[in-house]
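Asker: The following block contains a protein sequence and its predicted model.
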There are 4 protein chains.
Amino acid sequence: MTYHKTPIRYGMVGGGKTGGIGKVHRTSAEMFDHFKLCAGVFSSNPEVSLESALEWGVSPDRNYRTYEEMTEKESARQDGIQAVVITTPNHLHGGPIKSSISRGIHVICDKPLTISLDEAREIQDIVQRSDRVFMMTYCYSGYPLVREAKARIQRGDIGQIKMIKVEYPQGHLATPIEETGLKTFEWRTDPARSGQGGTIADIGSHAFHMLRYVSGLKVRSVSAELSSFIKTRRVDDNAIVNLRMENDAIGLIWVSQAAIGHENSLNFKVYGDQGSLEWSHTDPSKIWLYQLNKPKQLITRGSAETTFEAQRATHVPAGHPEGYYEAFANLYLEAARAIYSVDNRKAIPSEVDYPGIEDGFEGMAFIDASLESAKRNGAWVDL
Amino acid sequence: MTYHKTPIRYGMVGGGKTGGIGKVHRTSAEMFDHFKLCAGVFSSNPEVSLESALEWGVSPDRNYRTYEEMTEKESARQDGIQAVVITTPNHLHGGPIKSSISRGIHVICDKPLTISLDEAREIQDIVQRSDRVFMMTYCYSGYPLVREAKARIQRGDIGQIKMIKVEYPQGHLATPIEETGLKTFEWRTDPARSGQGGTIADIGSHAFHMLRYVSGLKVRSVSAELSSFIKTRRVDDNAIVNLRMENDAIGLIWVSQAAIGHENSLNFKVYGDQGSLEWSHTDPSKIWLYQLNKPKQLITRGSAETTFEAQRATHVPAGHPEGYYEAFANLYLEAARAIYSVDNRKAIPSEVDYPGIEDGFEGMAFIDASLESAKRNGAWVDL
Amino acid sequence: MTYHKTPIRYGMVGGGKTGGIGKVHRTSAEMFDHFKLCAGVFSSNPEVSLESALEWGVSPDRNYRTYEEMTEKESARQDGIQAVVITTPNHLHGGPIKSSISRGIHVICDKPLTISLDEAREIQDIVQRSDRVFMMTYCYSGYPLVREAKARIQRGDIGQIKMIKVEYPQGHLATPIEETGLKTFEWRTDPARSGQGGTIADIGSHAFHMLRYVSGLKVRSVSAELSSFIKTRRVDDNAIVNLRMENDAIGLIWVSQAAIGHENSLNFKVYGDQGSLEWSHTDPSKIWLYQLNKPKQLITRGSAETTFEAQRATHVPAGHPEGYYEAFANLYLEAARAIYSVDNRKAIPSEVDYPGIEDGFEGMAFIDASLESAKRNGAWVDL
Amino acid sequence: MTYHKTPIRYGMVGGGKTGGIGKVHRTSAEMFDHFKLCAGVFSSNPEVSLESALEWGVSPDRNYRTYEEMTEKESARQDGIQAVVITTPNHLHGGPIKSSISRGIHVICDKPLTISLDEAREIQDIVQRSDRVFMMTYCYSGYPLVREAKARIQRGDIGQIKMIKVEYPQGHLATPIEETGLKTFEWRTDPARSGQGGTIADIGSHAFHMLRYVSGLKVRSVSAELSSFIKTRRVDDNAIVNLRMENDAIGLIWVSQAAIGHENSLNFKVYGDQGSLEWSHTDPSKIWLYQLNKPKQLITRGSAETTFEAQRATHVPAGHPEGYYEAFANLYLEAARAIYSVDNRKAIPSEVDYPGIEDGFEGMAFIDASLESAKRNGAWVDL
């Protein structure tokens, strides 16, 4: 999938040069010419914000102090931003979303949606009543072979799903690193800014989205065991969640940020009554397909046997690795097509595929139900 | 570890030539000259039993009709069997165990111990009151690198354990194969012969033993989700069990016999506060060791850095694969040393390491608690 | 390594929208804001060239008919291109190189340098007499872990090199695909346009550069066995080359484009007297390090133990895959720093690391000597 | 394949308890009841020989001083040995072979056949004129998946072979270990006892046999580059050999015993015009099969899709690892069937598959031609 239109003009909230996530969004948004950064409130620190603007070619007069200022002024310009990208801490998502939507600006928002289910519901209502494009950057669904997995499951390659297992272990919180004063770890382990959930929110939301995206099955209820391997930590850093889903399928999610040895090892395995299928972020251009009474198959990105859904998200030939930027860029490519269609009063093409507000809300419901279940000693809680 | 003594004379109950498990036990028991088959009740079918005896060089007069006959007559012989190996279906373990112990014959018994917790308790009492050697063939603890993992954890390579995860997926029950009339699948899915537990008993017992063996931690309580992916199946074929253990460690066990694509994929990962460690039966001569701020290490069987515990269970040089027979033989080598010591009124050397009656009983308690928890919708049940 | 300067203005020769290589160069050159496309002769087909210009935001008046026109007119502009990127078939490299250098334009050229050793020598002379930056896009040296390997070898991690083995198998020429009329395969198997060497030139040049780059050792002589697995093919599609190097080290290169099952499996293994080291393009963010009497180590991109040389080429955190674009972009980042320095009359910083004209010439000498050796039945031929 | 006959009675020459190879042969020969040790000349040291006999249950009067004595006395006994297993250093193979054959005793001999091509020819003549079974223990051809590879190639799964690559790197001679006085390394690096070839003979012979076994193609000529990474070593420790074979196929063999990081990494890849196939001793129960325009397939031991040839060499179910002993035992099982047939005046069944005297002789011819080629600077030398 390449993008051959005038790039979409966008602004950022958060993502300034002192953090890492801004580079990821900006590089991914622009690497195939689909978006162009034009404005921003890059940091709560005005100096950092200005420096970021200058470094990234944003005109100083479009470097704003607040998101309200940005949405107001940009929406008044002929060449104002069409979309906003929000990469602030979780408790600061809601404001810019509402402000942008109300000014007719499309929204691209980092996960999770916000820090409380109530606000999530409110945001969902606002977004659903508007005609604006809203994308959650559940970036792992941008990998071509994740899409391959989904497409193959949908067409029946493994039959009816019996179980799906999603794991997402990381190790960078295996020590009390938040006590060193590093900002990114500080807010992520502070319930006031990150929400009551720690790991269950930060990456549990990714794991849950992956489970939903790949299986296509709704989740009915969850039973959760949340732990803090670091005793002084104010939020969970490890979570095991059992899930009961539609069609009697079951699910198992394990996420951890205190599992030494893992860098960013998201992976899933889906078991059906005719076969099974595996993908791992540690080797993201492959899936394993096992079918009853057939040899084990390895499907690789770019190979002839891949589906249309994988091929349209593939950029370089087979054997040439693609990475995190390319996967993230695929989400932005989808958003670009959606925004282009909407802004040109056309229907969004059916193959356009990105996580929307429902995914954002469901993720919040998952976090909420898991926290509730954990408080009730693992009792099953409906979503 | 080689064995340079007169082989231990043993008899078998079950394991006749029409099944597969007899070959495994016999080959493993004898491959390093540590045991010698002398008698048996190889099958409930007298013809099969006699043929097995003849084929395996057992004198026809030592091919018995019942285990009672065998233990009575053999215990009266000067050259009678010193040990019995029991490989019958689970509900037929208790009889031969009690009969053997009462006649002064050592016992080697396949897992799980029996089909009810009550009988397990009774057997445990009998065994504990006797001075006979009793080994459960939890064979996976015979792999040198499993012992390496245990030894390294004990010496502190990964610090204090926070979590242990054991998975044991197989795929051979992914279809209703018991309906085809195959004997081995028939009894394993029949609650009367196999016990109320299906997969939770058959391989859940292995997974639980592995968790206990490697971590050295006691399990306090479990919360289980048992499923039958095959709707007509009378026992579970998939089980997810959460565990709470000593020292606030948590555990997660997933076992399945309906997970297409897996052949016999037992594996564990142990996470401590200083490091983690992984082993998989799909590549059994390796462990991965991850330690805070150190390069990832791969430890291979036979290499200089392995521990004494691994080296004494290693038979061929590094780079030469060892398999299931060798692991199983290692258990038999341990049993041989124990029996030799007892029969010669010597203390069993401290390094001798095999699963005993307590492991057998604990396995039954785990199965029982898991079944109870599943009945109560995943409530936490103490072991 | 990020790039925070005004982007370098560049033009392209070749790389139009109907081929694939243009997208690779353009995306890589621009993804971190280090280059900006301003002009081009994108195709010998004027229509394709114009369409490419329009699609990529190049002003139509800077879409030229010939490279001579481009270098002449651009060098006369205040805002003219500073560099040219050449991605034409091999026999069309020389012209634009010479024209650009003579007009003071820096050159970035795809591999191999040209199709004959004589022209290579002529080009080398021209480049060496000028003060222009010249980069060959031996892109695989842009992978952070390839640089890790080089840095570790230089600091002595594996002692003195005894042998280096480089393999580069691909499978896409396993059928006579050039007979289907596909343009990219046609010219690559046509001696007039690609040179006498087929695979030995096309990817043998990559393999040779990798061997030289990683080992740092000069090659004295080669003995080559060239084959055409496809009998009707006019050039080799498989080559085995033995090498004798400085310090009595030996080398072995195997390259193939007719090896079914391989997509783009460049890999190397370097053996020293104290250790060895492996890298593979199929898993490019890792190297294996083996040292005498030490556990096997896996070094991963982004981890704490990586060298400065790897870290400065790393863009996303450990566990987040990087791919071909990022590696390619790393070369462009190096070129950008070199060009920026030269254009600002500053010394190029010592850590700047990219393949230059000597690498281009040596690659040609390797191809030439291999062809000569093959003609002489594998006789050793000096480079 | 199980063996349900009276075990073959055998004697050993060499293999005493102080070395390692005796245990391998004895365990493998006996683990499935197919052979029984009855006599031996276990060591040139009479004390070691007697101790070995006693430990292994051989009657002291059948522990002989010389192989001549053994073959003479055993051939005179009613219950004398039927076969001899020879595991002495290479220069001591010829004597016992000739003595055994002349006394009507079958021969199982370790590789390589001997230390000179002349003696190899003489032995071959003697063996071919006799009706005795003669097996070379090229043990790696005993792996079920190696047989799978061979069977699939024969039935056309990968079309016509274009190239076969066999590598066999080890690392244990990466230091001058023979200077420490260890006996096993001393004789292997002594031309008088091991032959002029070092690694080319010791494991090059295995690699060559594998190439011949799997491909089924005759080798016409070789070009070899032999090296000693350890300067004081009297024989080669690294060898690269190019091969030209029937049907225009080419071959590449790399063997090393000074390649740090490798334990015993024999592997092969075979490329045909319709597909390719890979096997590695580091994961011996799998082969990869790549076929034009088909998904990559992984074939595992014990799975339904394996051939008869693999299945008859398989002992435990899929997912249960088998190792070096089992592979070695497979060779002994083949020898047992052959010996049983000959001794009972029956034809050897057609599926019986073991390396014979021609393989032994060809291995010597390969070593000889490689040494000759290396002396002549890599000139092509006919086999």
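Answerer: Ah, there it is.
Asker: contacts and neighbour counts: CA atoms only from here.
Answerer: OK.
Asker: Which residue does the stretch 51-200 of chain A have closest to chain C?
Answerer: Among all residues of the stretch 51-200 of chain A, residue A:55 sits closest to chain C, at 6.4 Å; criterion: CA to the nearest CA.
Asker: Next, that residue: phi, psi?
Answerer: phi -60, psi -30 (degrees, to the nearest 10).
Asker: Quick one: neighbours of it, just the number.
Answerer: 15 (other CA atoms under 10 Å in any protein chain shown).
Asker: Quick check, pLDDT for it.
Answerer: Predicted confidence (pLDDT) for residue A:55: 90.
Asker: cool, residue A:4 as well?
Answerer: Predicted confidence (pLDDT) for residue A:4: 60.
Asker: For whatever residue of the stretch 251-383 of chain A ends up closest to chain D, give me phi and psi.
Answerer: Of all residues in the stretch 251-383 of chain A, the one sitting closest to chain D is residue A:297 (4.8 Å; CA to the nearest CA). In this entry, residue A:297 is assigned phi and psi values of phi -110, psi 140 (degrees, to the nearest 10).
Asker: ok, it touching residue D:298?
Answerer: Yes. Counting by CA atoms under 8 Å, residue D:298 is a contact partner of residue A:297 at 6.4 Å.
Asker: Give me the more crowded residue out of these two.
Answerer: Set residue A:297 next to residue D:298 and count neighbours by other CA under 10 Å: residue A:297 wins out with 20 against 17.
Asker: for that one, what are its contacts?
Answerer: Residues counted as contacts of residue A:297 (CA atoms under 8 Å, 6 or more residues apart in numbering or on different chains) are A:288, A:289, A:290, D:295, D:296, D:297, D:298.
Asker: Out of the residues you listed, which is nearest to chain C?
Answerer: Distances from chain C to those, taken by CA to the nearest CA, are shortest for residue D:296, at 7.4 Å.
Asker: number of nearby residues for residue A:344?
Answerer: 9.
Asker: before we move on, what about residue A:264?
Answerer: Neighbours of residue A:264 (other CA under 10 Å): 22.
Asker: Would you tell me what helix or strand it is located in?
Answerer: Taking DSSP states H and E as the definition, residue A:264 sits outside all helices and strands.
Asker: how close does residue A:59 sit to residue A:33?
Answerer: 19 Å (CA to CA, to the nearest Å).
Asker: More neighbours: which of the two?
Answerer: residue A:33 (21 against 14).
Asker: now the strands for the stretch 151-300 of chain A?
Answerer: A:161-169, A:219-227, A:238-245, A:250-256, A:267-272, A:275-280, A:286-291, A:296-300 (DSSP state E, counting those that start in this stretch).
Asker: Paired strands for the shortest one, with orientation please.
Answerer: As defined by DSSP bridges, the strand partners of strand A:296-300 come to strand A:286-291 (antiparallel), strand D:296-300 (antiparallel).
Asker: most centrally placed residue in chain A?
Answerer: With distances taken as CA atoms, centre = their mean, residue A:138 lies nearest the centre of chain A, 1.5 Å away.
Asker: my guess is it meets residue A:209, correct?
Answerer: Yes. Residue A:138 is within contact range of residue A:209, at 7.2 Å (criterion: CA under 8 Å).
Asker: for chain A, what spans make up the helices?
Answerer: Assigned by DSSP state H, the helices in chain A fall at A:21-30, A:46-55, A:67-76, A:94-102, A:117-129, A:144-155, A:183-188, A:191-194, A:199-202, A:204-215, A:308-311, A:324-343, A:357-375.
Asker: Having no further points to raise, I will conclude here.
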